[in-house]
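Peer 1: generate coordinates for the sequence data below:
(3 chains)
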Amino acid sequence: MNAKLNPDTGVTVNLGFRDYCGLMRIGELAERTGVSVRSLRYYETEGLLRPDRRGNGYRTFTEDDIARVLQIQLFYSAGLCSGKIAQLLPCVSGDHTHLVPSPGLTDELEIARTRIQNQISLLTTSLSVLERVLAAAKGTDTAEVPVPSKPVRRHRGIHV
DNA sequence: GTTCTGACA
DNA sequence: TGTCAGAA
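Peer 2: So this is what the prediction gives:
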């Protein structure tokens, strides 16, 4: 067990793995990012994370990996596949050495941007309707909420 | 106890 | 992506 003497209290305290060497294991990274251990291992297989290994085979992650994992989650939620995310990560790394994405990647990003903008538009419309319904429920808005004359048809592949 | 890999759903 | 099994 690693130990450290506190000069203020004179008390020797035991240090965990992270405190001792500035690194963390997969369990702690999962806890601090809210991303499952299973997902973190998957990210590694996809080349999105490249943790070092200790002698016992355990992965070791750095503080920078926390932001990296959160960034990965954002890109997944934007509809990007792991391959594109792997290409994109170097462009948004926090070391201020931003790279210019390749033309092919730029095309993908523009598609993603359009997709996100459409989602925002749909969500904004939904929010507006909900706000009017809630306002009417509280008696602060007497305007009628438009009701479709026919049942709204669901389209395959469209998830709002 | 924690993490590993591999497999299955 | 979650869960399980067997091993280290």
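
Peer 1: can you tell me the SS state at the residue in chain A that DNA strand B sits nearest to?
Peer 2: Nearest residue of chain A to DNA strand B: A:Gly27, at 2.4 Å (C-beta to the nearest atom of the strand). All C-beta atoms are positioned from the backbone trio N, CA, C, and that covers glycine. Using DSSP: H, G, I helix; E, B strand; the rest coil, the structure places A:Gly27 in helix.

Peer 1: count the neighbours of it for me.
Peer 2: Using other C-beta atoms under 10 Å, A:Gly27 is surrounded by 13 other residues.

Peer 1: let me see the contact set for it.
Peer 2: A:Val37 (C-beta atoms under 8 Å, 6 or more residues apart in numbering).

Peer 1: helix/strand/coil for the most centrally placed residue in chain A?
Peer 2: By C-alpha atoms, centre = their mean, chain A has its centre lying nearest to A:Gln73, at 2.4 Å. Three-state call for A:Gln73 (three-state DSSP): helix.

Peer 1: contact residues of chain A facing DNA strand B?
Peer 2: A:Arg25, A:Ile26, A:Gly27, A:Glu28, A:Val37, A:Arg41, A:Gly57, A:Tyr58, A:Arg59 (C-beta under 7 Å from any atom of the strand).

Peer 1: state the phi and psi torsions of A:Phe61.
Peer 2: Backbone geometry at A:Phe61, expressed as degrees, to the nearest 10, gives phi -120, psi 150.

Peer 1: quick check: pLDDT value at it.
Peer 2: You'll see A:Phe61 listed with a pLDDT of 95.

Peer 1: may I ask you to name the longest helix in chain A?
Peer 2: If each helix of chain A is counted by residues according to DSSP state H, the longest one is helix A:103-137.

Peer 1: elements contacting it?
Peer 2: Contact partners of helix A:103-137 among helices and strands, from 3 or more C-beta pairs under 8 Å, 6 or more residues apart in numbering; DSSP states H and E: helix A:82-88.
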